[in-house]
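> kindly generate the corresponding structure for this input.
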Amino acid sequence: MSATGTTNAVFAMREVGEELQRLRGRAGLRQDDAAAKLKVSRFTVSKIERGRAFPTDRQLKVLLGLYGADTDEAAALQAKIAQGRSYGRAWWEDQRYRDLFHGDSYRYFYVEDAAERLFHHAGTYIPGLLQTQQYNDLAEHALSPEKTIKLMQAIEEEIR
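Predicted coordinates for the structure are as follows:
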């Protein structure tokens, strides 16, 4: 994978969030229940589960106990968080660069950074099956400004 460490941190946050959400669902609890136990807002729990932030060590301990996670699940989550935190922040998250982007559009850099392949799409490409003589004649007619003007004049006369 071509992703840098900073992108891996984002994916680690997402994986941790998804796992915590899975554990909460298994325990039959709502985000409000977890938020009450943590003494935070439901938004904070949502932010963690959506992979926007890692839980603090205290929050993780409380959540794992509340969700009834076993030692293997707890160890895997702690390792993933430690690994994710070790990556650091991306250059585009620096405030002096974030001010250059509208809203949170800078987050698309994570997707670009993690890309493994590049696909190119050109709207003007014409598949071979459409390249018939009749198609070429119509395309040439449409692309010729003089013919387009004459066609528009003819259409206007017909309308009158």
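
> quick check: Glu18 touching Arg50?
No: Glu18 is not in contact with Arg50 according to Cβ atoms under 8 Å; the separation is 9.1 Å. For the C-beta atoms, the positions are set from N, CA and C on the backbone; glycine is no exception.

> so for Lys37, what's the pLDDT?
The predicted local distance difference test score for Lys37 is 95.

> the nearest residue to it once chain neighbours are set aside sits in which helix or strand?
If the residues on either side of it in the chain are set aside, Lys37 comes closest to Leu66, at 5.3 Å by Cβ to Cβ, 6 or more residues apart in numbering. Element membership of Leu66 [criterion: DSSP states H and E] is helix 57-67.

> now for that helix, which elements pack on it?
Secondary-structure packing of helix 57-67 (3 or more Cβ pairs under 8 Å, 6 or more residues apart in numbering; DSSP states H and E): helix 5-27, helix 31-38, helix 71-86.

> save those as CSV, and put in distance to Ser105 too.
Formatted as CSV, the helices and strands packed on helix 57-67 follow (distance: least, Cβ to Cβ, whole Å):
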stretch, distance to Ser105
helix 5-27, 15
helix 31-38, 27
helix 71-86, 23
